[in-house]
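Visitor: Sequence first, predicted model second:
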Amino acid sequence: MKFILFQFIFSTLSLTCAAQDWQWMKHIGGTGGESGRITAEDEEGNIYAIVGYARDTPGNINPVSHSNCYIDGDTVLGSADAFIAKFDSNGSLIWLKNCISPTGSIAIADLVIDTLSQSIYAIGTYVGGCVLDTITTYAGNYAGVMLSSWSYSGSCLWVKNVATSSTDLNGAKCVGRSVALMSNGQIVVSGTTTQYAQTFVQGALYAYGSFIAGYNSDGSPLWARQFIEQNSGLSSLSVNLDNHGARLYACVPYGVNSQADTVSLDTLMLVGGSTPEQGYLLSRIDPVNGDILWVSREGIGANIALVNEPIAINVNGQLAMVGIFSDTAIFSIDTLLSANNSGWSSFIAIHDSSGALLSAKAYQSSGGVRFENIASDPLGGFYATGIVQTGSGNWDGVPISVSNQAVFISKHTATSSCQGIFTDGTGAFNTSSLLPTTNGLYLGLGFPGQNPTGSVTLGDSSFTTYGYKDAILAKLGLITSVSSYSTEGQDDLLIYANPNNGLCTVELPLNLRFTPNLNLVIFDAQGRQVQRIPVTTGSDGVRLDITSQAKGMYHVELSDGVQRYSGRIVFE
């Protein structure tokens, strides 16, 4: 085979997003706490949001009853309740359906749409009873996890109790977490059970932990499975679902204290580590019967956490996981080290459709960074969003620097390489959702009240909370292009190709020649890692032999865990 390798200059690339504008923002607030998420877009470009409002301050030992919230100059009446809203792509409200509990509380956790049947499915939790449009559902003195179906016009079609429980000694209850729609129209939901009170899922008594359950499109139950963590001192597992075509995946964060601890996914049991550890379990589930097809255990460390939406599947069927860590995060192909002693570092891990880990990368800033959500880009790759603290960093050659805590949105390739970063905002934010579409990026944001500040800015707009915590629903323009320039100088990293023997000689930049833990990693066009070579320096530089690889384009990265250089080599 004849090899034609073209010389690639690796340099510190300055990558910036093309100009982006906030197209619209919706401020939702009241005297209590509000949170909002945008979760779905229909075929006409309308988007659907779920909002919880008038909630008490978490941990308040003297509960306070709050009432009502405000949006677009209108008042939504209720206390510790929720609503579902439909907006057009310009942010105009089409309809709003208030979901109330006359005797308790209600929350809507997740929502998906079926564009074929033009149906909406939502998962939520209520205490006592709830009224969804014209349908009233009761759980007696218990809490309930309910699955509801809605029309595109906002009419509630049916409501089904997925689980019921009494509230335990700490006020905890069964909770609905997420909902996924399969290509055959079946619905899969997830939730958690309580520690000190009985929980019934589809009528069967379930132990403390989490569950997933399948339903037909008419709400009739198909199956249910439970995930159990055998350590009552730990918080219950939280299952996050995502689907792609006929494939269903569940992401389960876990924690164990010793080898005596176990985590059971239905009939599959995993034993704890030799030391206390946290991590995540990624599993594929058969949507027909709920059977666990495989499990991948990754991201192990003493302090690992998944935040809001940690899993996404791109158009090629690759899975991306995001999370935060301190100290170390151990993956089967790499160990990530946190360079931050005062804040969180973050990771993106890419799996193929069989669960095999393709890559794992750390993303860091001197003040700390939290990757809170990841979502598939309809055009390929992924978007991520979260919070970056005051400081600076370099993500795959893309510089990031903020003078105060800010919201970030980053665009990534299928192999997770960062292509651009957008930052904005002044004040204490959190991100609750991210929905990329072909005509914009939709975000759900939250900002607290008097701790540390009641006012924030985003773009040219300023917001002041009505009370404890408010929500913002917003649309941002797409990252339409990425501009770059290379600095050609003595610190360039060069790959010299010898067409006679297929060998590449890599010349290191000066700032990497004496750094430890240096690795050269090669990925194929599908994002699979094909080689990983520890780099040691010498008078002849580093020599890399990849003659055994098939012809095509390869992505190459050189990193010491803090600095990263990336580029491509083509074999013909």
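Guide: Arrived safely.
Visitor: What score does residue 40 have for pLDDT?
Guide: pLDDT recorded at residue 40 is 96.
Visitor: helix, strand or coil for it?
Guide: The three-state assignment at residue 40 reads strand, by DSSP: H, G, I helix; E, B strand; the rest coil.
Visitor: wait, it sits on residue 47?
Guide: Yes: applying C-beta atoms under 8 Å, one finds residue 40 in contact with residue 47, separated by 6.9 Å. Where C-beta positions appear, they are placed from N, C-alpha and C, glycine not excepted.
Visitor: Mutual contacts of these two, please.
Guide: residue 435 (C-beta atoms under 8 Å, 6 or more residues apart in numbering).
Visitor: could you point out which element follows the strand or helix carrying residue 443?
Guide: Here residue 443, judged by DSSP states H and E, is contained in strand 440-448. Next helix or strand after strand 440-448 toward the C-terminus (DSSP H and E): strand 455-458.
Visitor: now whichever strand in the chain runs longest, how far from the chain's geometric center?
Guide: For the chain, the strand reaching the highest residue count under DSSP state E is reported as strand 135-151. Offset of strand 135-151 from its chain centre (C-alpha atoms, centre = their mean, to the nearest Å): 27 Å.
Visitor: Report the buried residues of it.
Guide: The neighbour-count check on strand 135-151 (16 or more other C-beta atoms under 10 Å) flags 137, 139, 142-150 as buried.
Visitor: ok, now stretch 101-114?
Guide: Buried, per 16+ other C-beta under 10 Å, within stretch 101-114: 101, 104-114.
Visitor: Rebuild these as JSON lines, extending it with pLDDT and distance to residue 199.
Guide: Converted to JSON lines, the buried residues of stretch 101-114 look like this (pLDDT from 0 to 100; distance: C-beta to C-beta, whole Å):
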{"residue": "101", "pLDDT": "92", "distance to residue 199": "19"}
{"residue": "104", "pLDDT": "85", "distance to residue 199": "17"}
{"residue": "105", "pLDDT": "90", "distance to residue 199": "18"}
{"residue": "106", "pLDDT": "94", "distance to residue 199": "18"}
{"residue": "107", "pLDDT": "95", "distance to residue 199": "17"}
{"residue": "108", "pLDDT": "97", "distance to residue 199": "20"}
{"residue": "109", "pLDDT": "96", "distance to residue 199": "16"}
{"residue": "110", "pLDDT": "96", "distance to residue 199": "19"}
{"residue": "111", "pLDDT": "97", "distance to residue 199": "23"}
{"residue": "112", "pLDDT": "96", "distance to residue 199": "24"}
{"residue": "113", "pLDDT": "96", "distance to residue 199": "28"}
{"residue": "114", "pLDDT": "94", "distance to residue 199": "28"}
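Visitor: Could you tell me which of those are located in strands?
Guide: Per DSSP E, the subset of these in strands is 106-114.
Visitor: Now do the host helix or strand of residue 37 and strand 106-114, the angle between them.
Guide: Assigned by DSSP H and E, residue 37 belongs to strand 33-41. When axes from the mean of the first three to the mean of the last three C-alpha atoms, to 10 degrees is applied, the directions of strand 33-41 and strand 106-114 differ by 10 degrees.
Visitor: how about low-confidence regions in the stretch 401-550 of the chain?
Guide: 449-453, 479-517, 523-550 (pLDDT under 70).
Visitor: Now do the strands in it.
Guide: In the stretch 401-550 of the chain, the strands defined using DSSP state E, counting those that start in this stretch lie at 406-412, 418-424, 430-437, 440-448, 455-458, 461-464, 469-476, 482-483, 493-498, 503-507, 519-523, 529-534, 542-545.
Visitor: ok, residue 371 - how many residues close by?
Guide: 27 (other C-beta atoms under 10 Å).
Visitor: same check, this time on the one 10 residues further on
Guide: Residues near residue 381, counting by other C-beta under 10 Å, number 22.
Visitor: likewise residue 184?
Guide: Neighbour tally, residue 184, other C-beta under 10 Å: 11.
Visitor: Could you do residue 65 as well?
Guide: Other residues close to residue 65 by other C-beta under 10 Å number 10.
Visitor: Also residue 458?
Guide: So residue 458, with other C-beta under 10 Å, has 23 neighbours.
Visitor: show me the contacts for it.
Guide: 22, 25, 407, 424-425, 429, 445, 472, 474.
Visitor: what pairs with it across the strands?
Guide: Beta-bridge partners for residue 458, by DSSP bridges, are residue 461.
Visitor: How about residue 423?
Guide: Bridge pairing for residue 423 - DSSP bridges - gives residue 408.
Visitor: ok, now how distant is residue 128 from residue 164?
Guide: 11 Å (C-beta to C-beta, to the nearest Å).
Visitor: Would you mind measuring the gap between the ends of stretch 147-162?
Guide: 7 Å (C-alpha to C-alpha, to the nearest Å).
Visitor: so for that stretch, what's the average pLDDT?
Guide: Mean predicted confidence for stretch 147-162 is 98.
Visitor: Look up how far residue 44 lies from the closest residue to residue 43 other than its chain neighbours.
Guide: Leaving aside its sequence neighbours, residue 43 sits nearest to residue 115 (C-beta to C-beta, 6 or more residues apart in numbering; 4.9 Å). Residue 115 sits at a distance of 9 Å from residue 44 (criterion: C-beta to C-beta).
Visitor: of these two, who's got more company?
Guide: residue 115 (13 against 9).
Visitor: quick one, phi psi at that one?
Guide: phi -70, psi -20 (degrees, to the nearest 10).
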